[in-house]
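Colleague: My questions are about this predicted structure, shown below with the sequence.
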Amino acid sequence: MIPLFRKDFPSPRGDLAQALDAALHRFVQKSGPIVDLRSRVFPLVDELRINLDGAKFDSPAPPLAKVEGETALAFETSAVNVRGRNISVRGVPLNLRMEMHDVFFHKGADANGDAVLVIHRAREGQLVISAAQLNLEEAIGRLGREKARLWGVDLERVRLAMRARSRRSLAADIRIQAKKFFARANIDIYAQLDISNEFEAKVSELKCKGDGKLGSVACGALGPLFEKLKSNTLPLKSLPLGGLQIIDVHVAVADTVELRVDFGSGV
């Protein structure tokens with residue numbers, strides 16, 4: 001559901017493309033145009049392209065709109081293609097790709113009377129999010145060092161190794177070499193993420209083992225955080241897919257970690 005931040009719904013092709021572009025720029029930091037809408041006879045759209053290459057999602061985004069009341073057909077398109085190469089989400093570099101076919105968009109209004117665009121139906125779609133293991137390792141090291149400095153600890157080395165346990169489960173081993181004053185320690189963290197048949201993602205295992213006093217203190221300090229993470233679940237069905245439903249989810253791990261979500265309306 002995309003809020004357009006205006007009262008009237010844009011009907012000409014050019015106005016709609018500009019309104020969508022302006023709305024998406026509120027959610028991401030990116031220079032240049034984002035939306036390319038190709039149509040010969042509006043409201044029949046040949047293709048809607050969204051280019052997020054190099055975009056940054058580093059700031060809190062405006063809340064997604066919630067439609068109040070009935071909706072009506074805005075336009076239909078044969079294909080929606082979203083591409084985001086080398087995007088940044090809170091400093092973590094990712095790649096994103098989404099494709100949808102035979103898509104019907106509806107228009108409606110939120111509680112403030114502002115126009116909202118809704119994905120009403122799509123024959124099929126696929127969302128792929130991927131990240132290189134080396135980039136994830138660098139991001140974990142950077143975030144870990146920021147937190148460790150608050151305790152006077154220097155993380156001298158951080159290494160990450162991820163692997164797929166099954167098509168809906170992955171494991172990560174993180175090995176850290178830490179130093180505080182003259183004390184050094186090796187800290188090993190093991191994490192396991194599972195996705196259930198109900199498409200809920202959960203950290204099922206999170207363990208820490210450290211040698212020496214520094215390692216024991218570090219693992220003890222991480223204990224409450226680990227318990228909190230293990231108690232949380234992320235229902236993937238809560239992804240803002242409009243009237244669409246998740247059909248399948250699976251992960252793949254090599255040099256790149258990839259999450260693939262298949263969805264559609266089933267009609």
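Modeller: Nice, I can see it.

Colleague: how near is residue 95 to residue 124?
Modeller: Per Cβ to Cβ, to the nearest Å, residue 95 is found 21 Å from residue 124. Where C-beta positions appear, they are placed from N, C-alpha and C, glycine not excepted.

Colleague: neighbour-wise, which of these two wins?
Modeller: The neighbour comparison of residue 95 against residue 124 (other Cβ atoms under 10 Å) goes to residue 95, with 19 against 16.

Colleague: element containing that one?
Modeller: strand 92-109 (DSSP states H and E).

Colleague: Give me the helices and strands touching whichever helix or strand comes after that strand, please.
Modeller: Downstream of strand 92-109, the first helix or strand assigned by DSSP H and E is strand 115-132. Packing partners of strand 115-132 (3 or more Cβ pairs under 8 Å, 6 or more residues apart in numbering; DSSP states H and E): strand 2-3, strand 68-89, strand 92-109, strand 256-264.

Colleague: Next, the angle strand 68-89 makes with strand 115-132.
Modeller: Here strand 115-132 runs at 30 degrees with respect to strand 68-89, directions being taken by axes from the mean of the first three to the mean of the last three Cα atoms, to 10 degrees.

Colleague: can you list contacts of stretch 133-150?
Modeller: Contacts to stretch 133-150, defined as Cβ atoms under 8 Å, 6 or more residues apart in numbering, come from residues 91-93, 154-155, 158-162, 174, 176, 178, 253, 255-257.

Colleague: buried sites along stretch 114-128?
Modeller: 114-122, 124-127 (16 or more other Cβ atoms under 10 Å).

Colleague: Export the residues you listed as TSV, with columns for pLDDT.
Modeller: Output for the buried residues of stretch 114-128, formatted as TSV (pLDDT from 0 to 100):
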residue	pLDDT
114	90
115	92
116	90
117	91
118	90
119	91
120	91
121	92
122	93
124	93
125	94
126	95
127	95
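
Colleague: Which single one of those residues is nearest to residue 262?
Modeller: Residue 262 lies nearest to residue 126 out of the buried residues of stretch 114-128, by Cβ to Cβ, at 5.4 Å.

Colleague: Isn't that closest one up against residue 99?
Modeller: Yes - between residue 126 and residue 99 there is a contact under Cβ atoms under 8 Å: 5.4 Å.

Colleague: re the thing from before, quick one: mean pLDDT for the strand holding residue 95?
Modeller: Strand 92-109 carries an average pLDDT of 94.

Colleague: Pairing partners for it, with directions?
Modeller: Sheet pairing of strand 92-109 (DSSP bridges) gives strand 68-89 (antiparallel), strand 115-132 (antiparallel).

Colleague: Give the buried residues for that strand.
Modeller: 92-98, 100, 102-109.

Colleague: what two of those residues are the furthest from one another?
Modeller: 93 and 109 (36.9 Å).

Colleague: So residue 229, which state does it fall into?
Modeller: Following DSSP: H, G, I helix; E, B strand; the rest coil, the label given to residue 229 is helix.

Colleague: what about residue 10, distance to residue 182?
Modeller: Taken as Cβ to Cβ, the span from residue 10 to residue 182 is 66 Å.

Colleague: I meant to write residue 175 there.
Modeller: Here residue 175 is placed at a distance of 21 Å from residue 182 (Cβ to Cβ).

Colleague: show me what contacts residue 77?
Modeller: By Cβ under 8 Å, 6+ apart, the contact list for residue 77 reads 44-48, 103, 105.
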